[in-house]
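[1] What shape does this take:
(one chain, ligands or ions: 1)
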Amino acid sequence: MFDLLIFGGTVVDGSGAARRQADVGIAGGRILAVGDLSAQPARQRHDAVGRIVCPGFIDVHTHDDRLLLTSPAGPHPKLTQGVTTVVTGNCGISLAPLLSNETPPAPLDLLGADDWRYDRFGDYLDALEAAGPALNAACLVGHSTLRVRHVPDLRRPATAPEAERMARDLADALDAGAFGLSTGLYYPPARAATAEEVIAVGAPLSAAQGLITMHIRDEADAIDDALREALHIGQALGVSTVLSHHKLIGQRNHGRSVNTLAMVDTAALSQPVCMDCYPYNASSTMLLASRVGQSREVLVTWSVGDPSAAGKSLFALARERGCSPESLVEPLSPAGAVYFAMHEDDVRRILGHPLTMVGSDGLAHDAVPHPRLWGTFPRVLGHYARDQRLFSLETAVHKMTGLSARRFGLRDRGLIAQDHAADIVVFDETCIADRATFEQPTAPSAGIDAVFINGQLACAHGHTVNAHAGQVLRRQRSF
Ligand SMILES: [Zn+2]
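    Below is the predicted model of the structure:
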């Protein structure tokens, strides 16, 4: 007997294969059978007639390290999108391992201010398990976090003994179940790190077959060199490389994704490499003067220096105050911002590339966040697949499920198939849509009926039903 039978729906199984009519039978948190099961007994039945039934979405690029430890009151930014698994610790910044009473330097503060209490990565995973996360979590170790811990002067490369200490922490984290290392060479705490440093720190990845995700050193004028460096690091380590939120910043770089994607295609012939991307032509991170100068508009997402600036245009504030936008960066900091600095053609080209997965890069602790935090996955399905016909619904689902699971080594997730974990989303393809905008960034998405995580109903019509259905996923060693 099934615990749950999702019947009458159209299954898009996450592999990219064409849709088919099928019921899905679940027991013990796993998918037992897929097919015509209508006559079979079940304790509960979920009517999916006229709906798409697909694997739960995997958000491969998140900064949800701290969000996962809490149960937000009201709608959940990820559950309401149909996300069932998140990859945390991206862009070089992870909550662990770091023990500190002080707020570490930006951008680590994007993770929130007061939770730096995990001396070992395994302590964080244990705390997450004890808290009972809302979603499944696959966690990465941040290179910048390791630098803050072991390199007293962040303006220089690590010495050999410092790199050795960072590598030991990484090995310890991989043993505890971390999926790999993330880097953010773009950001101040890691800018002085050389490729050789990253290769030395990442050495334990090779034997463990963990992966490396990279917020590359430059996404603007010097992107070609930055890409070459990232690909070199991945190749030297002999591990799977994920290029984070691939994009082109600044007007004079618009259109260059033709070249960068060709570079990735060439590299993919000789090393495992893929990318993630969010479906917007504006980015968001800490407030940085260099990024302000590359943007046609900048919105402040939070500010300690002037909290009233949150949600306002930096350019309008500068006009009001009779100064340059760049000169406001220091008085507002620490702060975050949304930058309008990409071209839609590059976003479409990158999102449509067969090696591109969907990742939100949302920042859950921003006062006025980028709408990607609440809208990424329904926006790909509604705006880009259905309305713009950038790709089929099957391809869109594959980019947020099967492809992501395979690339991150989530062996029993990302597909509607026998013996896979029962992470499942039921949605209406005619009306699925993101509702979050730059003006209303926390509006929940529309069109998602039900979200099941490990066989349990976690979210129904936008309302959280079970905020603790997730599991801490621990990378399995490949012997
Ligand atoms: Zn990043």
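[2] Any regions of the stretch 351-479 of the chain where pLDDT drops low?
    477-479 (pLDDT under 70).
[3] Look through it and state the residue closest to the ion.
    Here the stretch 351-479 of the chain gets closest to the ion at one residue, Asp361, 6.2 Å apart by CB to the ion. To be clear about C-beta, it is placed using only N, CA and C from the backbone, and glycine gets the same treatment.
[4] ok, now the stretch 151-300 of the chain?
    Minimum separation of the stretch 151-300 of the chain from the ion (CB to the ion) falls at His215, amounting to 3.6 Å.
[5] which ones are touching the residue nearest to the spatial centre of the chain?
    Nearest residue to the geometric centre of the chain (CA atoms, centre = their mean): His61, 1.4 Å. His61 makes contact with Val87, Asn90, Thr213, Ser244, His245, Asp276, Tyr278, Gly359, Ser360, Asp361, according to CB atoms under 8 Å, 6 or more residues apart in numbering.
[6] one more time with 6 Å
    Neighbouring residues of His61 by CB atoms under 6 Å, 6 or more residues apart in numbering: Asn90, Ser244, Asp276, Gly359, Asp361.
[7] What residues are bridge-paired with the third one?
    The residues paired with Asp276 through beta bridges, assigned by DSSP bridges, are Met357.
[8] now do Phe340
    Ala282, Glu297.
[9] count of neighbours near it?
    For Phe340, the neighbour count with other CB atoms under 10 Å is 15.
[10] Could you do Arg217 as well?
    21.
[11] Test my guess that it contacts Asp224.
    No. Arg217 is not in contact with Asp224 according to CB atoms under 6 Å; the separation is 11.1 Å.
[12] Reduced to three states, what does Pro441 come out as?
    Following DSSP: H, G, I helix; E, B strand; the rest coil, we place Pro441 in the coil state.
[13] Skipping adjacent residues, who's closest to it in space?
    Of all residues not flanking Pro441 in the chain, Pro371 sits nearest, at 4.5 Å (CB to CB, 6 or more residues apart in numbering).
[14] Quick check: beta-bridge partners of the residue of the stretch 151-300 of the chain closest to the ion?
    Residues in a beta bridge with His215, per DSSP bridges, are Gly184.
[15] Check what pLDDT it gets.
    What the model reports as pLDDT for His215 is 98.
[16] wait, isn't it in contact with Pro189?
    No. The pair His215 / Pro189 is not scored as a contact, 11.9 Å apart, by CB under 6 Å.
[17] Return the distance of the closest residue to Thr437 other than its chain neighbours relative to Ala458.
    The shortest distance from Thr437 to any non-neighbouring residue, by CB to CB, 6+ apart, is to Pro371 (5.6 Å). Look at Pro371 and Ala458: by CB to CB, to the nearest Å, they are 22 Å apart.
[18] again, but for Asp172
    From Asp172 to Ala458 the distance is 32 Å (CB to CB).
[19] The two - which one has more neighbours?
    Higher neighbour count among Asp172 and Ala458: Ala458, with 24 against 16, using other CB under 10 Å.
[20] which SSE is that one in?
    Ala458 belongs to strand 456-460 when elements are defined using DSSP states H and E.
[21] for Val300, same thing?
    strand 297-303.
[22] Could you tell me how far that strand lies from the centre of the chain?
    Distance of strand 297-303 from the chain centroid (CA atoms, centre = their mean, to the nearest Å) equals 21 Å.
[23] tell me which residues in that strand are buried?
    Val298, Leu299, Val300, Thr301, Trp302, Ser303 (16 or more other CB atoms under 10 Å).
[24] returning to what we had before: can you tell me which residues contact the closest residue to the residue nearest to the centre of the chain other than its chain neighbours?
    Closest residue to His61 apart from its sequence neighbours, by CB to CB, 6+ apart: Gly359 at 2.7 Å. For Gly359, the contact set (CB under 6 Å, 6+ apart) comprises Asp59, Val60, His61, Asp276.
[25] so what's Val60 closest to, chain neighbours aside?
    Gly359 (4.2 Å).
[26] May I have the phi/psi pair for the one you found?
    Per-residue torsions, Gly359: phi -140, psi 140 (degrees, to the nearest 10).
[27] show me the contacts for Leu363.
    Contacts for Leu363 (CB under 6 Å, 6+ apart) come out as His63, Leu110, Pro369.
[28] what about 7 Å?
    By CB atoms under 7 Å, 6 or more residues apart in numbering, the residues touching Leu363 are His63, Leu110, Ser284, Gly336, Pro369, His370, Leu373.
[29] Helix, strand, or coil at Arg155?
    Under three-state DSSP, Arg155 comes out as coil.
[30] so it makes contact with Ala192?
    Yes. Using CB atoms under 7 Å, Arg155 makes contact with Ala192 at a distance of 5.4 Å.
[31] The two: who's more crowded?
    Counting neighbours by other CB under 10 Å for Arg155 and for Ala192 shows that Ala192 has the greater number, 16 against 9.
[32] Confirm that that one sits in a strand.
    No. Counting by three-state DSSP, Ala192 is not found in a strand; it is coil.
[33] Report the contact partners of it.
    Ala192 touches Leu154, Arg155, Arg156, Pro157, counting by CB under 7 Å, 6+ apart.
[34] Can you give the contact residues for stretch 233-247?
    Contacts of stretch 233-247 (CB under 7 Å, 6+ apart): 61, 90-91, 195, 198-199, 202, 205-206, 209-216, 219, 230-231, 264, 271-278, 283, 342, 346, 350, 359, 361, 407.
[35] Try it again at 6 Å.
    61, 195, 198-199, 202, 205-206, 211-215, 219, 271-275, 277, 342, 350, 361.
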